[in-house]
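Trainee: Give me the fold of what follows.
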Amino acid sequence: MGGPRKSDVAARAEKAPKEGQATYLAPALEKGLDVLELLARQSEGLTQSQIAQQLSRSLQEVYRMVVSLERRGYIRRGPQDEAFRLSMKLYDLALAFPPIEMLTTAANPILLRLAAETQQSILLTVLEGAFIRTIAYADSPAPLGFRVRLGTSSPAEHTASGRVILAFQPPATREWTFDALAANGIDRAELRRARQRIEAIAAQHYELIAGENIAGITDVSFPILDGRGQALAALTMPFLQSVRGRVPIQQAAASQFKAACELSSILGGTPPAPEFPLSDPLTRAPHPE
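Mentor: The predicted structure is shown next:
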């Protein structure tokens, strides 16, 4: 009768802020962030019971968090199961974050300089779900060159830019994209080829592919990385070989890589150096000068 029970004291001590912690906590927000951080570390989706087990929380607690996060579009269920995965909403928020704005602003003079050095068109692209979108572009100063419209959107798996960005993504983001591709009707053989090529790009640190979408064009692409080593964008050169071309593709690609390093430094990242001369990352077939 003379004092509080031991269990009450222990409970209050547990809730009391420790040294260095904020005084005011938001338990519901903390639980929601725990769910997002857990799913971000998974290559496969997790069911509600698996989430509860890994977070050491009750199913009732997890249910409330999952319903709210799904309603707000931060997580989604898999097309063939009840497992939850991160959606691209967090990435969409990241696109609105100042680093992307800083990158776009800084890119324009760098792209113009690179286009002048290489006599080729240069584009900067970002990932939007299972698609890539061009956010900055420098036209080739040569009489003949590749043209692209700013804002153009294309399937990620069919572009050098998209594959490079996916090669430098967390496993959960990459798997979500593959799930979206499968749900959109891509056949298994094509999806398997895309996976193999993306793995080769991750190992070789770039993409180089000839005649994929347009005969006579060799796409060369390098990632633009942040401080965590994740690609926020890709710097791509659709190299058009002309009879009067004065800058060989390997020389142009070396200048392009330097520009990718310059852009990555703005975000605190450093792209891994490729081995020159560049070749097709999957077949390792050398590209002629």
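
Trainee: need the helices for the stretch 1-150 of the chain, in chain order.
Mentor: Across the stretch 1-150 of the chain, reading from the start of the chain, the helices by DSSP state H, counting those that start in this stretch fall at 6-15, 27-40, 48-55, 59-71, 89-95, 98-118.

Trainee: Could you save those helices as a markdown table and add columns showing mean pLDDT?
Mentor: Converted to a markdown table, these look like this (pLDDT from 0 to 100):
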| stretch | mean pLDDT |
| --- | --- |
| helix 6-15 | 40 |
| helix 27-40 | 87 |
| helix 48-55 | 92 |
| helix 59-71 | 90 |
| helix 89-95 | 70 |
| helix 98-118 | 87 |
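
Trainee: okay, the ones you listed in a markdown table with mean neighbour count and distance to Asp226 next?
Mentor: No exception for glycine: its C-beta is placed from N, CA and C like everyone else's. Formatted as a markdown table, the helices of the stretch 1-150 of the chain follow (neighbours: other CB atoms under 10 Å; distance: least, CB to CB, whole Å):
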| stretch | mean neighbour count | distance to Asp226 |
| --- | --- | --- |
| helix 6-15 | 10 | 36 |
| helix 27-40 | 15 | 15 |
| helix 48-55 | 17 | 27 |
| helix 59-71 | 16 | 24 |
| helix 89-95 | 14 | 9 |
| helix 98-118 | 17 | 7 |
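
Trainee: Out of those helices, which is closest to Ser154?
Mentor: helix 89-95 (16.9 Å; CB to CB).

Trainee: Present the helices of the stretch 1-150 of the chain as CSV; the columns should include distance to Ala202.
Mentor: Shown next, in CSV, are those (distance: least, CB to CB, whole Å):
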stretch, distance to Ala202
helix 6-15, 44
helix 27-40, 19
helix 48-55, 27
helix 59-71, 29
helix 89-95, 18
helix 98-118, 21
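
Trainee: could you pull out the strands for the protein?
Mentor: Secondary structure of the chain by DSSP state E: the strands cover 75-77, 84-86, 122-128, 131-138, 153-155, 207-210, 217-225, 231-240.

Trainee: Quickly, which of the ones you listed bottoms out on average pLDDT?
Mentor: Set side by side, these show their lowest mean pLDDT on strand 153-155, which sits at a mean of 80.
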